[in-house]
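Student: Got a sequence here, can you model it:
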Amino acid sequence: MATKTGPRVAIITGCSSGIGLSAAVTLAKDPAKGYIVYATMRNVAKKDNLEKAAGATLNKTLFIIPLDVTKQDSIDNAVKVVFDKHKRIDILVNNAGHGSSGYVELVSEQQMRQLFDTNFFGPVNLMKAVLPIMKKQRSGRIMNVSSVAGITAWPFGEIYAASKYALEGFTESLSIGYRAFGIWVNSIQPGPVRTDFIANMGSANNQPEFLKLAEEKNIDKESREICQKVIQLLVANPNFEKENQTPEEIANVIKESLESKKPHLRNPTSQLRYDYAKKYFVDPYGDEFCETIVPHIIPDSLKK
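Tutor: So this is what the prediction gives:
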């Protein structure tokens with residue numbers, strides 16, 4: 001879906017791997033040549049996989065430039081490079097981010113701030129940089145890659161969930177306020193991306209680092225039992241293989257949303273995610289999710 005003046009110009013963050021890489025390549029390889037993609041990453045030394053996946057689109061419809069979302073000068077430089085060349089920016093996909101899991105007692109304030117800098121303040125500052133451009137154009141699309149954790153917070157992922165809840169709230173408010181300028185702001189809500197991470201957690205020899213740290217720091221046994229229950233619940237989930245999507249599947253949802261004339265505010269990336277969100281949002285009191293999970297993770301030592 002090109003503009004009247006040519007392909008739409010897109011900036012995508014976090015493209016060294018995963019969703020960002022797949023989204024950049026999916027748009028750049030669009031058969032209608034509807035996109036010019038600036039695939040960004042904090043460390044361009046890690047561009048090999050992206051270059052290989054880009055193939056013939058490299059330096060034609062896909063360009064790689066550095067962008068560290070936690071540094072304002074890096075944001076400003078990247079936006080300037082793109083705007084100076086094309087005099088427009090049509091799409092921003094805020095994908096860069098990282099996860100966090102562990103006992104909140106062991107998470108320092110500095111670690112919390114670092115995660116929020118990447119998962120929340122980085123996207124916010126990028127939006128602030130491109131919104132004036134999009135307002136003058138009277139058009140634009142901003143896609144914030146959130147998470148299912150932005151609507152349902154699992155135990156031991158409190159800080160990560162907080163950052164995604166913040167991003168969801170910011171997205172919702174912005175989507176209303178900027179519609180008058182022809183700017184659509186929405187979120188995409190993937191769950192786990194297909195990796196060996198969860199399966200490995202089920203092995204006694206591959207415990208998460210935070211569980212090992214918990215023993216070293218003498219976190220109480222009951223908390224560690226609960227954590228093990230959460231891990232077992234994930235690993236034993238019969239729908240996990242269905243829920244565990246590939247980056248390519250998620251990239252296709254991003255492209256579909258970008259090409260919709262009236263995109264949804266929130267975009268679950270599968271039918272299972274949709275069904276899950278539908279249950280969650282019809283519960284005004286927020287009890288259903290907690291009561292579904294809690295009975296499965298209470299250790300026997302705490303049951304009365």
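Student: For the helix or strand where residue 9 lies, output the C-alpha coordinates as CSV.
Tutor: Here residue 9 sits within strand 8-12, counting by DSSP states H and E. Output of strand 8-12 as CSV, limited to C-alpha atoms (Å, rounded to 0.1, in the frame of the first residue of the first chain):
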residue,chain,number,x,y,z
ARG,A,8,5.7,4.2,2.3
VAL,A,9,8.8,4.9,4.4
ALA,A,10,9.1,2.8,7.6
ILE,A,11,11.4,2.8,10.6
ILE,A,12,11.5,-0.4,12.6
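Student: Show me what whichever helix or strand comes after it packs onto, helices and strands only.
Tutor: Sequence order places helix 18-28 as the next helix or strand after strand 8-12, per DSSP H and E. Helix 18-28 sits against strand 8-12, strand 35-41, helix 48-54, strand 62-66, helix 247-258, with contacts defined as 3 or more C-beta pairs under 8 Å, 6 or more residues apart in numbering; DSSP states H and E. Backbone N, C-alpha and C define where each C-beta goes, glycine included.
Student: Can you give the distance from the last one to the centre of its chain?
Tutor: Relative to the chain's own centre, helix 247-258 is displaced by 12 Å; criterion: C-alpha atoms, centre = their mean, to the nearest Å.
Student: Just the buried residues of it, please?
Tutor: Across helix 247-258, burial judged by 16 or more other C-beta atoms under 10 Å covers 247, 250, 251, 253, 254, 255, 257, 258.
Student: Could you do the third one as well?
Tutor: Within helix 48-54, the residues that qualify as buried by neighbour count (16+ other C-beta under 10 Å) are 50, 53, 54.
Student: Was I right to think residue 276 contacts residue 266?
Tutor: No: Residue 276 is beyond contact range of residue 266, at 12.0 Å (criterion: C-beta atoms under 8 Å).
Student: follow-up on the earlier one: same list (the buried residues of helix 48-54) but as JSON lines, adding distance to residue 159 and pLDDT.
Tutor: Formatted as JSON lines, the buried residues of helix 48-54 follow (distance: C-beta to C-beta, whole Å; pLDDT from 0 to 100):
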{"residue": "50", "distance to residue 159": "29", "pLDDT": "97"}
{"residue": "53", "distance to residue 159": "31", "pLDDT": "97"}
{"residue": "54", "distance to residue 159": "34", "pLDDT": "97"}
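Student: now the helices for the protein?
Tutor: With helices called from DSSP state H, the chain shows them at 18-28, 48-54, 72-86, 109-116, 122-137, 158-177, 197-201, 209-216, 221-236, 240-243, 247-258, 271-281, 287-297.
Student: Pipe the ones you listed into a markdown table and attach distance to residue 151 per row.
Tutor: Below are these laid out as a markdown table (distance: least, C-beta to C-beta, whole Å):
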| stretch | distance to residue 151 |
| --- | --- |
| helix 18-28 | 18 |
| helix 48-54 | 30 |
| helix 72-86 | 27 |
| helix 109-116 | 18 |
| helix 122-137 | 17 |
| helix 158-177 | 7 |
| helix 197-201 | 20 |
| helix 209-216 | 23 |
| helix 221-236 | 17 |
| helix 240-243 | 15 |
| helix 247-258 | 16 |
| helix 271-281 | 6 |
| helix 287-297 | 9 |
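Student: Nice, that's everything, thank you.
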